[in-house]
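Novice: Take a look and give me a structure for this.
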Amino acid sequence: MNKNTKVNASILIIGNEILSGRTQDTNTSTLANWLNSLGVKLSEVRVVPDEEKVIVDTLNILRKKYDYVFTTGGIGPTHDDITAASVSKAFEKKYQIHNEAFKILESYYKPGEFNEGRQKMVWMPEGAELILNPTSGAPGFSIENVFCLPGVPSILKSMLGGLKNKIIGGEPILSQTISLRTVESEIANSLTEVQKKNKDVEIGSYPFFHAGKLGVSIVVRSESQSKIDSCSSQILEFVNKKKIEVVDR
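Specialist: A predicted model of the protein is given here:
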């Protein structure tokens with residue numbers, strides 16, 4: 001892939017605890033920001049339950065559609081951690097003990113602690129490459145364009161450094177935020193006009209509530225700083241005309 005290629009990715013969040021609302025997903029923003037810095041655009045996120053058929057079917061759709069797929073969750077030691085087995089099935093690979101992962105965890109735990117439950121974490125698809133885990137020992141794994149990471153946010157974050165060389169992106173995606181003391185309806189038409197003139201810049205508007213007052217943040221995203229600057233000045237032009245207050249957030 002060369003630097004001009006648009007590179008995209010998707011995330012497959014696996015776990016009943018996300019769907020039930022018991023656990024809040026923060027991994028999406030962590031991964032999205034990290035991918036942006038590598039020049040990879042996050043194009044889709046799906047959340048699925050701990051059900052093998054759903055995981056297999058969804059993964060097979062995503063891995064054909066996107067350059068990279070990141071799964072989060074379901075690689076721990078409990079009965080409902082079925083990500084590795086499901087990924088094996090999706091790729092039609094043998095589900096087996098990964099010898100290197102076994103050695104890593106055997107030396108990580110004290111003698112006698114590496115029990116049957118924990119040994120479940122070294123079962124992976126045949127041919128999987130390890131994603132090392134500097135926080136809690138148990139590695140993730142990758143196979144072709146699919147990268148399987150844990151659901152625990154702090155552990156997932158600590159594992160991204162080891163993945164940097166495996167991801168080939170385009171130009172890093174830059175962004176600039178302009179926060180305004182206004183409502184979306186007041187700027188919608190003007191913003192549409194700016195978007196029409198800047199087709200290769202992504203413009204998003206996001207309402208916020210801060211210090212008891214409503215506002216809107218306009219986020220301008222592009223691989224080119226000069227295009228962001230040009231677009232931002234066009235936005236500030238209509239903002240000044242409308243006498244809308246720009247605020248720091």
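Novice: Would you mind measuring from Y66 to C231?
Specialist: 27 Å (Cβ to Cβ, to the nearest Å). Quick note: C-beta positions are derived from backbone N, CA and C, even for glycine.
Novice: Those two - which one has more neighbours?
Specialist: Comparing Y66 with C231 by other Cβ atoms under 10 Å, the one with more neighbours is C231, at 25 against 21.
Novice: Give the full set of residues in contact with that one.
Specialist: Contacts for C231 (Cβ atoms under 8 Å, 6 or more residues apart in numbering) come out as V194, N198, V201, I203, V220, S222.
Novice: run the last query once more with 7 Å
Specialist: C231 sits next to V194, N198, V201, I203, V220 when contact means Cβ atoms under 7 Å, 6 or more residues apart in numbering.
Novice: neighbour-wise, which of these leads?
Specialist: Using other Cβ under 10 Å as the neighbour criterion, V220 leads these with 24 neighbours.
Novice: And that one, how close does it get to P207?
Specialist: Remark: distance between V220 and P207 (Cβ to Cβ) = 17 Å.
Novice: Reformat the contacts of C231 as a markdown table; add pLDDT, secondary structure and distance to E52.
Specialist: Compiled in a markdown table, the contacts of C231 are given as follows (pLDDT from 0 to 100; DSSP: H, G, I helix; E, B strand; the rest coil; distance: Cβ to Cβ, whole Å):
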| residue | pLDDT | secondary structure | distance to E52 |
| --- | --- | --- | --- |
| V194 | 97 | helix | 47 |
| N198 | 95 | coil | 45 |
| V201 | 95 | coil | 42 |
| I203 | 97 | strand | 41 |
| V220 | 96 | strand | 42 |
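Novice: Return the member of the residues you listed nearest to S158.
Specialist: V220 (31.2 Å; Cβ to Cβ).
Novice: Could you measure from that closest one over to W123?
Specialist: Look at V220 and W123: by Cβ to Cβ, they are 46 Å apart.
Novice: ok, the closest residue to G15 other than its chain neighbours - contacts?
Specialist: Nearest residue to G15, sequence neighbours excluded (Cβ to Cβ, 6 or more residues apart in numbering): G73, at 4.1 Å. By Cβ under 7 Å, 6+ apart, the contact list for G73 reads I13, I14, G15, T83, G151.
Novice: Give me the number of neighbouring residues for the second one.
Specialist: Same thing as I14. Using other Cβ under 10 Å, I14 has 29 neighbouring residues.
Novice: can you check the first one too?
Specialist: When counting by other Cβ under 10 Å, one arrives at 20 neighbours for I13.
Novice: helix or strand for it, which one?
Specialist: I13 belongs to strand 7-14 when elements are defined using DSSP states H and E.
Novice: Check which strands are paired with that strand and give the direction for each one.
Specialist: Strand 7-14 sits in its sheet next to strand 40-48 (parallel), strand 68-72 (parallel), going by DSSP bridges.
Novice: Work out for me the element the spatially most central residue of the chain sits within.
Specialist: For the chain, L31 is the residue whose C-alpha lies nearest the centre (Cα atoms, centre = their mean; 3.2 Å). If you go by DSSP H and E, L31 is part of helix 27-37.
Novice: now D57
Specialist: Per DSSP H and E: D57 is located in helix 52-65.
Novice: Just the C-alpha atoms of that helix, please, in CSV.
Specialist: Below are the C-alpha coordinates for helix 52-65, written out as CSV (Å, rounded to 0.1, in the frame of the first residue of the first chain):
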residue,chain,number,x,y,z
GLU,A,52,-20.3,-18.2,17.7
LYS,A,53,-22.4,-18.1,14.5
VAL,A,54,-23.0,-14.3,14.8
ILE,A,55,-19.2,-13.7,15.4
VAL,A,56,-18.2,-15.9,12.5
ASP,A,57,-20.7,-14.5,10.0
THR,A,58,-20.0,-10.8,11.0
LEU,A,59,-16.2,-11.3,10.9
ASN,A,60,-16.4,-12.9,7.4
ILE,A,61,-18.3,-9.9,6.2
LEU,A,62,-15.9,-7.3,7.8
ARG,A,63,-12.6,-8.9,6.8
LYS,A,64,-13.6,-9.0,3.1
LYS,A,65,-14.9,-5.4,3.2
